[in-house]
Structure formats: C-alpha cells, structure tokens
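>>> Got a predicted model here, sequence first, then my questions.
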Amino acid sequence: AQSVTQLGSHVSVSEGALVLLRCNYSSSVPPYLFWYVQYPNQGLQLLLKYTTGATLVKGINGFEAEFKKSETSFHLTKPSAHMSDAAEYFCAVRAYNNAGNMLTFGGGTRLMVKP
Amino acid sequence: GAVVSQHPSRVICKSGTSVKIECRSLDFQATTMFWYRQFPKQSLMLMATSNEGSKATYEQGVEKDKFLINHASLTLSTLTVTSAHPEDSSFYICSAHDRAVLSYEQYFGPGTRLTVT
C-alpha cells in the first residue's frame, strides 16, 4: 500500500527565507511523487513531479524537490519565500485502488509567509 | 496545458433537493476522472473513480446511491448529490487523468462549494 506523511501541518517563514516542506512516502512499487499547491477556494495546481531519472526536480514558481529513495522522502524547497507562496501544499504518491491508478495525498501543510 | 473546469463554482440548495456538478476536461481526453471531497483545513478525500463508459468505483464508506457519478464521454463526468442534507455541505473537487500522459498526474478542477440549508 502507498501512503504519504507530511510533517508539520503549519509552517511559517519570513519573506525571503528558505521554504522547506517535508514529505515522506511509503510505496511498494517505484514511486511516482507529486507536489500540488492549493490557494483558498481553488482546486489543486501541480508544482512538480518525480517519475524516473533525475532525482532533483524543478517545478514552477521557483520550487524544487529531491527524491531520496534511502530516506523515502520528497521534500519541497524554495530558496526565498514570497508572500504569494502562502497556500496549502499537498504531497501525493501514485497508488492503486480497484479502479486502477489513483493518487494518495498527505494531510497537507499550510505555508504562511510573514512580511 | 491541461485544463479541467467545474460547474457550478458555488451552489446553495435546500435540504432534500438534488444537485448536479459537472466536470469537464477542456483540451484533452480523460479516460479516468476522480471526485474528491474536502472539509475545511483538511486534505482531499477520494470519493470515487470514474472510468469512461463504465460504472464508477466508490471508496469505502461513500454511499453510491447518494453520490451518483456518470462519466458518459471522454470529456465529461457528473456528480449528483441526491436528497442533500446539511452534512453534505463541503468543497467538491474533480480531477482528470490524461490517458496520453504516463506519469499518472491528475489535473484538478477549481472545485465546487456546496452549501445545503
């Protein structure tokens, strides 16, 4: 079975500071991993994904994540936070149900950016 | 990029009535669509997986007769909340998988806020 754990339901950083959002996964098959961002009252937008190949993945808005198999982690980082980065972030892993492929989401991390 | 729309974005209905929410993939064919429910400050809960031309697969604990899902074409899936009650008030989000993309990512609609009075 596949599962995702996001450490820290709330993360607060100052504008210009490093952003680090943690994600650990459990998967019985080679994982496909995703980070999504959700702004209030909106759907989810894909930030980046890891499938195969390079373990450091760059996404939109200056975010990147590194797949570390030995640590079963896929942490999301951004060197310098911007006020517009304040949102809810979800890590997800490819999973399976009776209908086929699906995504299993972590509990989410709310990022707050202080001026 | 892949775009998924949902309609309506907000709906208020009276208890006992039914509400239909549409989910459309605008620029790609979606063999599979997903319906999620999200409570305030919580993660997404998968309700059902909808494959085009076949019956939806519901997650455990989701009432099939209450949440009717139809996926009649490669670009449209609908969720009908039947005999709605106040506890059905929630944020409903659909997503779609592009069968031409092998990475299994899902493209999400903007969500529908349902309020049952």
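Nice, I can see it. This one's a predicted model, so the numbers in the text were calculated from it and none came from an experiment. Numbers count the residues shown, from 1 in each chain, chains lettered A, B, ... in the order given.
>>> Any idea how many residues pack against residue 57?
Looking at chain A here, since you left the chain open. 21 (other C-beta atoms under 10 Å in any protein chain shown). No exception for glycine: its C-beta is placed from N, CA and C like everyone else's.
>>> To clarify, I was referring to chain B.
19.
>>> same thing with residue A:11?
Residue A:11 has 18 nearby residues by other C-beta under 10 Å.
>>> now do residue B:2
18.
>>> mind checking how far the top strand by length along chain A is from the chain centre?
Counting residues, the longest strand found in chain A (DSSP state E) is strand A:87-97. Offset of strand A:87-97 from its chain centre (C-alpha atoms, centre = their mean, to the nearest Å): 8 Å.
>>> quick one: average pLDDT of it?
In this model, strand A:87-97 has an average pLDDT of 90.
>>> Now do the next helix or strand after it: which elements does it pack against?
The helix or strand immediately downstream of strand A:87-97 is strand A:100-105, counting by DSSP states H and E. Packing contacts for strand A:100-105, counted by 3 or more C-beta pairs under 8 Å, 6 or more residues apart in numbering or on different chains; DSSP states H and E, involve strand A:3-5, strand A:87-97, strand B:30-38, strand B:44-51.
>>> Point out the most buried one among the ones you listed.
strand B:30-38 (a mean of 24; mean count of other C-beta atoms under 10 Å in any protein chain shown).
>>> Identify each buried residue in stretch A:50-70, please.
For stretch A:50-70, the buried set under the neighbour-count rule, 16 or more other C-beta atoms under 10 Å in any protein chain shown, comprises A:50-51, A:57, A:59, A:63-65, A:67.
>>> ok, the most centrally placed residue in chain B to residue B:112 distance?
Centroid-nearest residue in chain B, with C-alpha atoms, centre = their mean: residue B:35, separated by 3.4 Å. Distance, residue B:35 to residue B:112, by C-beta to C-beta, to the nearest Å: 10 Å.
>>> Repeat that for residue A:45.
In terms of C-beta to C-beta, residue A:45 sits 17 Å off from residue B:112.
>>> So for the two, which residue has more residues nearby?
Per other C-beta under 10 Å, whichever of residue A:45 and residue B:112 has more neighbours is residue B:112, with 23 against 17.
>>> Just the pLDDT for the more buried one.
96.
>>> same deal with residue B:29?
88.
>>> same deal with residue B:103?
Predicted confidence (pLDDT) for residue B:103: 69.
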